[in-house]
Each structure stands twice: as C-alpha cells, then as structure tokens.
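>>> fold the following for me, if possible:
(one chain, ligands or ions: 1)
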Amino acid sequence: TTAPLRVAVSGAAGQIAYSLLFRLAKGDVFGSGQPIHLSLLEITPALPALRGVVMELEDCAFPLLNGISVSDDPAVAFRDIDAAFLVGSRPRGKGMERRDLLSANAAIFKAQGRALNEQAKRTAKVLVVGNPANTNAWIAIRHAPDLPHDAITSMIRLDHNRAQAQLAAKAGVDVTAVERLAVWGNHSPTMFADWQHAVVQGRPLPDLIGDHAWYRDTLIPTVAQRGTAIIEARGLSSAASAANAAIDHMRDWVQGSGDRWVSMGLASEGDYGLPQGLVCGVPALCRDGRIERVRGLELDAFARRMLDRTVAELMEERAAVADL
Ligand code: NAX
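Numbers count the residues shown, from 1 in each chain. Next up, the predicted model:
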C-alpha cells in the first residue's frame, strides 16, 4: 500500500476550497492510486463552518481520503506536509486601502512562510492562490529560506486557462490543440495573455486566427476582466474555475506537463529582464517534479510593453510590503 501524502489547504471553509477539497480527495491531483491526508487551516472564527465541510467530506466516503485534520495554527497545519494550497487570505474590507490590504496579507504570508520553513517536508510543493497571489508568494518565499528554490509558486493558471479557452473557440479548435500559450505577470487585470508563440498543430495561432485587432482589443481585455464579469453575473467571485486551475497547476507540477507549456507564478531568475526574485507569471514545463522555465523567447515591442506594465505593478506591490 502507498503511504498517504499530507496536503494542506488554507482558507478551507471558503468558496474555492468548497470545490478544491472534494476534487483533491477524489484523486484529481495525485492520481487514483495515491491516498491523501487533508490538513485544513482556517482562522478561528471560521472553524465551526469548517466543521460542516469536514462532515461533507466524510459523507463522500472517498476511498483515497485517509484522514482529515483541522487547525487554526499554521505551525500545526503545515507539519510534515507534501503539498499546500494557500487559498486563504484577507479580503478587502469596507474602506480598506490597497496598501492596508497588502500589509494585512503580508503579515499572514510571513507567518505562513515561517511555518512552512519550520514544518513542511523539504520536498513540499506550495501553491499560493490567495490574493494578491504573486506578492503573497514573494513574502512566503522570503520567510522560508530553508525550502528549496521553486518550492513556493503562485497561481496564474486560471488566466492561462481562460485565455486558452477563448483562443481555441476563436480558432474553432479543441482547447487541447492550443499549445505554447504564455500568461505573464501579475494575477490582476495587468496580466498579459501572450499568443505570439502559440501554435495549433505546428501552425502559428496568430496566423490561424488572423485577426490581430481582436487579439489586442477583445481577447486581452476579456481575459483581464473575466473575474469581474463573473462577479457581476454570479454575485460571487470565481470559485470552481479557480479551484480547477489550482488542481491543474499542482497536477502538472506533480505528474509532469509533458511537452505542454503551462503558466506559473515563479520567482524570477532574471530571464526577460525580470527583477531577481520577483514572483511573476511565466511559461514553464514540469518534469519529474521539477519546474523548467521556458527561456530565450523573443518578445516583440507589444509584448515587451505589456510585460513591463505588469512587472511595474508587481514591483509597486513588492515595494509596499518590502519593509514588513
Ligand atoms: P472566501 O472568502 O470564500 O474564502 C477565504 C477563506 O480564507 C475564508 O474562509 C477565510 O476565513 C480564510 N482565511 C482568511 N485568512 C486566513 C488565514 N490567515 N489563514 C487561513 N485561512 C484564512 O474566498 P475564496 O473565494 O475562496 O477566494 C480565496 C482567495 O483566492 C481570495 O484571496 C481570492 O482573491 C483568491 N483568488 C485567486 C485567484 C488566482 O488566480 N490566483 C483566482 C480566484 C480567487 O479570486
């Protein structure tokens, strides 16, 4: 029998977790032969609600769900974990300035980074979903110096999946036919969905679609504003699609992406002139549990401008929390 993996999920009583937990327990990330233990983290006032989620998980009688534990202490929740989904973060309250939001989250991710540093397995894979995801990941990395490089990543996969679906529909092909798509930058409306290198069966996607005005004036803003459109329609922010993107990100990291490019928020190693250490959405491949950056792509003037814009925003966020 296979030993269970310990998987931590923070924000476990929230919307995204309500979809994510059930798919994890079903085997969507680690595979249908791999049992898991779920280690759930919440803030104290949310523990009663989390109790209800735990009851529902129990009621699914998932064959792969070996056990569930609950805590409001990251040092307990992250003990010996193999993977973590950091979904919980401080939402923007009434009258809260962006700066206050950044610093409230910096405090959370500083504590969680430290707890990971002290408690997680050295092989742990960590995905930050909670916003501002890139900057939260940057903070956690800073406070987890003993974890290997690339142990902590942030999620840009939802933007990647959104762009992939829109491009495939426009080209009239299956979603899986669109390859070499890259989503760069911050998980925010400045993110840049880049079709320049994308291909369908070896054919450049920009040629196949042809309509460059559509790409700039419709595709890019549609993807950037998709989160807002969902809030307007549903009255709640995207949850099932966000959980799905988190599943995709971690599954590809754990099981490999093959030859498919994926987009991940990674600490920069200086490629493309990105400031060292800045956590930025970039194209990557995953092999044998490791992340390989796609390097050396030519960026045209438009792409350069779009990348510079989103990087400027990330640097601003970083500057706002750097002294914490
Ligand atoms: P919810 O407000 O439904 O749930 C968040 C949960 O986190 C709450 O239950 C809350 O009690 C908990 N929490 C807050 N602080 C915590 C802490 N310090 N430790 C542990 N748990 C804590 O939000 P939900 O819709 O689930 O979204 C979660 C986060 O994902 C938000 O920050 C949201 O902005 C972010 N998103 C990120 C996306 C991405 O692509 N990176 C896309 C989807 C989503 O918008």
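>>> residues of stretch 249-258 that come out buried?
By neighbour count with 16 or more other Cβ atoms under 10 Å, stretch 249-258 contains the buried residues His249, Met250, Arg251, Asp252, Trp253, Val254, Ser257. C-beta here means a position set from N, CA and C on the backbone, and glycine is covered the same way.
>>> in contact with Ile43, which residues?
Ile43 sits next to Asp72, Gly88 when contact means Cβ atoms under 8 Å, 6 or more residues apart in numbering.
>>> phi, psi of it?
Ile43 adopts backbone torsions of phi -80, psi 150, taken as degrees, to the nearest 10.
>>> ok, now how distant is it from Gly14?
Here the criterion is Cβ to Cβ, to the nearest Å. By it, Ile43 lies 10 Å from Gly14.
>>> what touches both of the two?
With Cβ under 8 Å, 6+ apart, Ile43 and Gly14 have common neighbours Gly88.
>>> contact residues of the stretch 51-200 of the chain facing the ligand?
Proximity of the stretch 51-200 of the chain to the ligand (Cβ under 6 Å from any ligand atom) is limited to residues 87-91, 108, 129-131, 133, 155, 158, 187.
>>> try 5 Å
For the stretch 51-200 of the chain, the residues in contact with the ligand (Cβ under 5 Å from any ligand atom) are Val87, Gly88, Ser89, Ile108, Val129, Gly130, Asn131, Ala133, Met155, Leu158, His187.
>>> what number of residues lie near Pro275?
12 (other Cβ atoms under 10 Å).
>>> confirm it sits in a strand?
No. According to DSSP: H, G, I helix; E, B strand; the rest coil, Pro275 belongs to no strand; its state is coil.
>>> what helix or strand is the residue of the stretch 51-200 of the chain found nearest the ligand located in?
Nearest residue of the stretch 51-200 of the chain to the ligand (Cβ to the nearest ligand atom) works out as Gly88 at 2.5 Å. Assigned by DSSP states H and E, Gly88 belongs to neither a helix nor a strand.
>>> chain neighbours aside, what residue packs nearest to the residue in the stretch 201-324 of the chain positioned nearest to the ligand?
Across the stretch 201-324 of the chain, the shortest distance to the ligand (Cβ to the nearest ligand atom) belongs to Ala242, at 3.4 Å. Computed as Cβ to Cβ, 6 or more residues apart in numbering, the closest residue to Ala242 that is not its neighbour in sequence is Ile16, at 4.9 Å.
>>> wouldn't the one you found be in contact with Val87 here?
Yes. Between Ile16 and Val87 there is a contact under Cβ atoms under 8 Å: 5.1 Å.
>>> okay, and the common contacts of these two?
Listed as contacting both Ile16 and Val87 by Cβ under 8 Å, 6+ apart are Val129, Ala246.
>>> who are the packing partners of the longest strand belonging to the chain?
Determined from DSSP state E, the single longest strand within the chain is strand 279-287. With contacts defined as 3 or more Cβ pairs under 8 Å, 6 or more residues apart in numbering; DSSP states H and E, the packing partners of strand 279-287 are helix 133-142, strand 152-154, strand 182-184, strand 262-267, strand 290-293, helix 301-321.
>>> partner strands of whichever helix or strand comes after the third one and their direction?
Moving toward the C-terminus from strand 182-184, the first helix or strand encountered (DSSP H and E) is strand 192-194. The sheet places strand 192-194 alongside strand 182-184 (antiparallel), with pairing taken from DSSP bridges.
>>> what's the partner strand in contact with?
In contact with strand 182-184 (Cβ under 8 Å, 6+ apart) are residues 156, 159-160, 163, 191-194, 197-198, 261, 263, 280-283, 294, 297, 306-307, 310.
>>> which residue does the protein bring closest to the ligand?
Counting by Cβ to the nearest ligand atom, the chain gets nearest to the ligand through Gly14 (2.0 Å).
>>> give me the neighbour count for that residue.
Neighbour tally, Gly14, other Cβ under 10 Å: 22.
>>> re earlier: residues touching the residue nearest to the residue of the stretch 51-200 of the chain closest to the ligand when sequence neighbours are not counted, list them.
In this structure, Gly88 finds its nearest non-sequential neighbour in Gly11, 2.7 Å apart by Cβ to Cβ, 6+ apart. Gly11 sits next to Ala17, Leu41, Glu42, Leu86, Val87, Gly88, Ser89, Val129, Gly130 when contact means Cβ under 8 Å, 6+ apart.
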